[in-house]
Structures are given as C-alpha cells and as structure tokens.
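> Fold the stuff below for me.
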Amino acid sequence: MYDWGISGMQTIIMTAVFPIFFVKVAASGMDAERASSWWGYVNTIGAVLIAVLAPILGALADFKAAKKKFLVAFMLLGAGATAAMFFIQRGDMVYASITFILALAGATGSMTFYESLLPHIADESEIDRVSTAGYAFGYIGGGLLLAIALLVIQRPDLIGLPHGADLTPSQKTLPVRMSFVAVSLWWIAFAIPVLRAVAEPPRALELDEATRTAPIRASIRRLRTTLRELRDYKQAFLMMLAFTVYNDGIQTIIKMASVYGTELNIDQGQLIAAILLVQFIGIPAAFAFGSLAGRIGAKRSIFLGLLVYTGICIFGYFLRTARDFWILAVMVGLVQGGTQALSRSLFATLVPKHKSGEFFGFFSVFEKFGGILGPLAFAVAAQVAGSSRVAILSVVAFFIVGAWLLTLVDETAGAAAARAADEATVTPDSRAA
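I've put the predicted structure just below:
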C-alpha cells in the first residue's frame, strides 16, 4: 500500500501534471526548449541531494533499527513540499524548483527505507512476486489519483470550482494546484498500513556499538566497512552498476516525457491521459513480469524490458503527433514497472538481510546517480541542439551499456554469498530463541 500511496506523487508530480505546470505556469515567459532544459537541471539537483544523504542514512537506519522512522521523516518532508506547491503562481520558477527538489528528495529517501524492508518480509521464493505486486498496486493507486485529477482539471465545475472564460490566472490553475494537495494527503493516508502492520527489523549484534560511540559516527564507520565488504558481494556491486546505467534511461523517459510532448505542442489533456494509460497497462504488465521471472528468471526478464526500451527511444525520435505519444505510452506501460520491480528484487537476493538498509542506501545512491546523468544529458543536449529529439535518441546508449553490465552478474553466486553472510550473523532475536 505504500507503493499505492507514493505512486500518486510519481504520476502527478514527477511525470504527468507538475512538469507541464512547471513549463507553462512556473516558467511562463520562457521559451519551451529553455524550460525543458531547466526542468532537466532541477531533476538533477534533486537527485544529487538524495544521492549524497542516502548511504549515511541507510547505515544509520540499520544501526539504530529505525528504518520505519526514517521512512516517516522523509515521507513528511516530501508530502509537505508537495502540499506547498499549491501556492505556486505564474513566474514562480525558483519557488517551484525548490518545492519539487524537496518533494523528490522526500520521495526517493522514503523509498530507500521502504525497499530495505523487502528482504525482511519475503524470502527468495516469493521476492519477485512481492516486488512486482507492489509495483502493480502502485500503478492502481497512482493511476486512480491521476484519473481523478484529470477529471477535475478538465471539468472543475463538477466539484464547484471556478470555470469558464473569465477567470483570473490563479483561478485557471486552481484545479491543478489542488491536485498537488491531494497527492500529499493520498501519500500520507496510504502509508498507514506499512507503519502499522510491518515490524521494524531487529538490529544485528555486530552493529551494537551504541554504548561506546555516537550513532552517526558509528554509522559512517559502518559505511567504510561496507565499502570494503563490497569485494565480498561482487555480484551486488555489479547489479548496482548495471542498474545505475540502464535506470538512467528509464528515469529520463519518466521525467522528461510530458515536457517533451509539451515542447511538441501536444495538447495537455492528451499528454496526461496517455500517461494515465501507462498506469493501467502497467498493472497486468507488472504481474506478467513477475510470472515471467518465475519461468525464465529475473535477469532475462530485465533484458527483455531493456530491449523494448531501446525501441521506445528510437520511436520517440520520430514522434510527431498525439497518436504517436499514445503508442509510446503503451510501449512504456508494458515494461516500466516490471523492469524496475525485478531490478529491486534481484538486488535484494544479492545482499545480506541484516544489512539491507545499508545496501539499499547504496542502491539508492547508484539509482539516483543514474537519475542525475540522464536528465542532465537530456538538458545539455536540448540546450545545445535547441530540440529534445537528439536527447531522446541518445538515451539508447544507457540501455545498451546497462544490458552489457547486467550480463556480468552471476545471481546464483551472489545469492549464495548473501545467505552465507546472514547465517554467520547472530541477531538478538535468534540469541533469545
């Protein structure tokens, strides 16, 4: 259900509504190409912020057995920044950028700790199914809220909002700005199940240094140890590296698609509706990827997703009309959730459970550095070429290199190393037993 709740932020703020609002309202007076470039830079800054903080926070969460507390803290940061977007008016580009960066940091930070719970609640036989089911529920929740937002934006009169031709600039944007508040409330409400029902994983005895040193200092020390121990978890490191590269391409498509469509003068309603379609195609597609992974393995299923993404980039270069954008949306919906879900579940099998927060902190760093390079490359290419078409085509390189790195991952050896590390660690609970 946390996937369900946070996906409203991902669909409305990161992908569909806010990027268009940013270009047309917050960056009003700026030409479309320059606004698209600025949006890429804003995404890069937000990704850098969380990439710097994630590993330290992940280690601290393991050390203090506080994964859920950090999840709540980052969720409140993101939800608060999202609600603050309600006050954005025409030309408020700096304020819009700051609130988006904070919302992005809150969302990605909370997902670091949420995902670190995965190996504690699912064993190896069910982890792919649980992870893909989470993505499927995310598509339902995000898609439902986006559908409601689209209806209100198109028909504000249905809930008594001002409508018609003679509206002030603030009244015209009111339905969109109200959708930002709805995202905040939706996010918090559907975080309640994970906070109430999922137990905080126990802290391993080997981390019990709190009586002798400060927690943050000890956490930084643990990070140094983890960096050295990466030599013992070579497959996890290779998986992080591969994911960093191909996720660059995925995140660029997610974050820049609606801005790209706006630059091509595709109608706002068509753009949002097409992205809504992605959510609902993604529901059965995510479950299908989980089933496919059970037959051919997570790694081969990811390869299939990357092949489709390569075709998406090539098709995107020739995109001209709203119909083309709809076709692109269908292709994305078929592979987006499944590829990402299987990536996190494959990684979860390659790391020891008692260090899941620490390793998912590093996973988040690698993921966010991927989120840095893609939008940054897009922004630079759009600025230099004066068009986003070349930037879209260049994303193919991320999928090709990422797929090659993925071929180097030996999931069998990686899972065996993770199991051996867990068996060698004694937790307070197991000692009591």
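> alpha carbons only for contacts and neighbour counts from here, please
Fine.
> what pLDDT does Arg129 get?
pLDDT, Arg129: 78.
> List the contacts of it.
287, 290-291 (CA atoms under 8 Å, 6 or more residues apart in numbering).
> Which helix or strand contains it?
According to DSSP states H and E, Arg129 maps onto helix 127-154.
> Name the spans of the stretch 1-150 of the chain whose pLDDT lies under the cut-off.
Within the stretch 1-150 of the chain, the stretches with pLDDT under 70 are 32, 51, 54-64.
> Under the pLDDT cut-off, which ranges of the stretch 151-300 of the chain? List them.
203-227, 229-231.
> now the helices for it?
169-189, 192-197, 215-229, 234-263, 268-296, 298-317 (DSSP state H, counting those that start in this stretch).
> Go through those helices and name the closest to Leu145.
Each of those has some distance to Leu145 by CA to CA; the shortest is helix 169-189, at 7.7 Å.
> what is the rounded mean pLDDT of stretch 391-407?
Computed over stretch 391-407, the average pLDDT equals 88.
> Setting the sequence-adjacent residues aside, check what's closest to the most centrally placed residue in the chain.
Nearest to the mean C-alpha position of the chain, by CA atoms, centre = their mean, lies Thr108 at 6.3 Å. Nearest non-adjacent residue to Thr108, counting by CA to CA, 6 or more residues apart in numbering: Ile50, 7.1 Å away.
> Which of the three states applies to that neighbour?
helix (DSSP: H, G, I helix; E, B strand; the rest coil).
> Centre of the chain to the helix or strand containing the residue nearest to the centre of the chain, how far?
Here Thr108 is covered by helix 93-115, with elements defined by DSSP H and E. Offset of helix 93-115 from its chain centre (CA atoms, centre = their mean, to the nearest Å): 10 Å.
> Dump the C-alpha coordinates for the very next helix or strand once past it into PDB.
Sequence-wise, the next helix or strand downstream of helix 93-115 (DSSP H and E) is helix 118-121. Below are the C-alpha coordinates for helix 118-121, written out as PDB (Å, rounded to 0.1, in the frame of the first residue of the first chain):
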ATOM      1  CA  LEU A 118      11.600  -6.100   1.300                       C
ATOM      2  CA  PRO A 119      14.100  -8.900   2.200                       C
ATOM      3  CA  HIS A 120      12.700  -9.000   5.700                       C
ATOM      4  CA  ILE A 121       9.200  -9.700   4.600                       C
END
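> Can you spell out which helices and strands pack onto helix 118-121?
helix 127-154 (3 or more CA pairs under 8 Å, 6 or more residues apart in numbering; DSSP states H and E).
> now the helix it packs on against helix 169-189, angle please.
Helix 127-154 runs at 160 degrees relative to helix 169-189, counting by axes from the mean of the first three to the mean of the last three CA atoms, to 10 degrees.
> If we go by neighbour counts, what in helix 127-154 is buried?
For helix 127-154, a neighbour-count test (16 or more other CA atoms under 10 Å) marks 127-147, 149-150, 152-153 as buried.
> Same question for stretch 117-128.
Buried-residue list, stretch 117-128, by 16+ other CA under 10 Å: 117-120, 122, 127-128.
> Quick one: end-to-end length of that stretch, please.
One end of stretch 117-128 sits 14 Å from the other (CA to CA, to the nearest Å).
> Which secondary structure elements does the helix holding Thr108 sit against?
Helix 93-115 packs on helix 32-64, helix 67-84, helix 356-385, going by 3+ CA pairs under 8 Å, 6+ apart.
> now with 6 Å?
Other helices and strands packing on helix 93-115, by 3 or more CA pairs under 6 Å, 6 or more residues apart in numbering; DSSP states H and E, are helix 67-84.
> Mind listing what's buried along the helix it packs on?
Using 16+ other CA under 10 Å as the test for burial, helix 67-84 gives 67-72, 74-84.
> Equivalent analysis for stretch 155-171, please.
156, 162-163.
> Looking at the residues you listed, which one is closest to Phe398?
Within those, the smallest distance to Phe398 is 41.1 Å, found for Pro156 (CA to CA).
> Mind pulling the model confidence for the residue lying closest to Ser388 once chain neighbours are set aside?
Excluding the flanking residues, the one nearest Ser388 by CA to CA, 6+ apart is Ala382, at 4.7 Å. For Ala382, the pLDDT comes out at 71.
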